[in-house]
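1. I'd like to go over a predicted model; first the sequence, then the structure.
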Amino acid sequence: MLIKKGDNVKIIAGKDKGKTGKVVLVLPKINRIVVEGVAIRKRNMRPRKQGQKGQVAQLPTAFNASNAMIVCPSCAKPARIGKKTSGGKKTRSCKKCGAEI
């Protein structure tokens, strides 16, 4: 999986298509990611203590990583990612401009 925590991504499929956000959590075993402000679902929460009110919490949901593309920091466009080895070190690079990510 080439998407890492902290990357900026653009959603290319689904109900939030076109939105951008920062990756909060990566689940590589199931190929899913959680992005800030995208794929929000509502959940009714019961009151935990006596006298406390119940509330509706908005939680981000994990979705398939194939529905998002990394936004290249140098060209500021969504791009595919390639791998390069330079000096025995693997790095990610943008397929559009060739810059390292």
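-> Nice, I can see it.

2. give me the low-pLDDT residue ranges for the protein?
-> The model of the chain has no residue with pLDDT under 70.

3. Would you map the strands across it?
-> Using DSSP state E, the strands of the chain run over 8-11, 20-27, 32-35, 40-45, 55-60, 63-64, 68-71, 78-79, 81-86, 89-94.

4. okay, those in CSV with mean neighbour count next?
-> Any C-beta I mention is one placed from the backbone N, CA and C, and that applies to glycine too. What follows is the strands of the chain, written out as CSV (neighbours: other Cβ atoms under 10 Å):
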stretch, mean neighbour count
strand 8-11, 19
strand 20-27, 16
strand 32-35, 22
strand 40-45, 10
strand 55-60, 11
strand 63-64, 16
strand 68-71, 21
strand 78-79, 19
strand 81-86, 11
strand 89-94, 14
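
5. Please convert those to CSV, extending it with distance to Met1.
-> Below are the strands of the chain laid out as CSV (distance: least, Cβ to Cβ, whole Å):
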stretch, distance to Met1
strand 8-11, 12
strand 20-27, 7
strand 32-35, 8
strand 40-45, 23
strand 55-60, 18
strand 63-64, 11
strand 68-71, 11
strand 78-79, 16
strand 81-86, 10
strand 89-94, 11
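
6. For Val24, give me its contacts.
-> By Cβ atoms under 8 Å, 6 or more residues apart in numbering, the contact set of Val24 is 5, 34-36, 60.

7. Let me see the contact set for Lys42.
-> By Cβ under 8 Å, 6+ apart, Lys42 lies in contact with 56-59.

8. Looking at those, which one is closest to Ala68?
-> Leu59 (18.2 Å; Cβ to Cβ).

9. Let me see the contact set for Ala68.
-> The contact partners of Ala68, by Cβ under 8 Å, 6+ apart, come to 3, 9-12, 33, 35.

10. repeat that with 10 Å
-> The contact partners of Ala68, by Cβ atoms under 10 Å, 6 or more residues apart in numbering, come to 3, 7-14, 16, 19-21, 23, 33, 35, 38, 78.

11. try Val23
-> 3-9, 33-36, 38, 65, 68, 70.

12. All good on my end, thank you.
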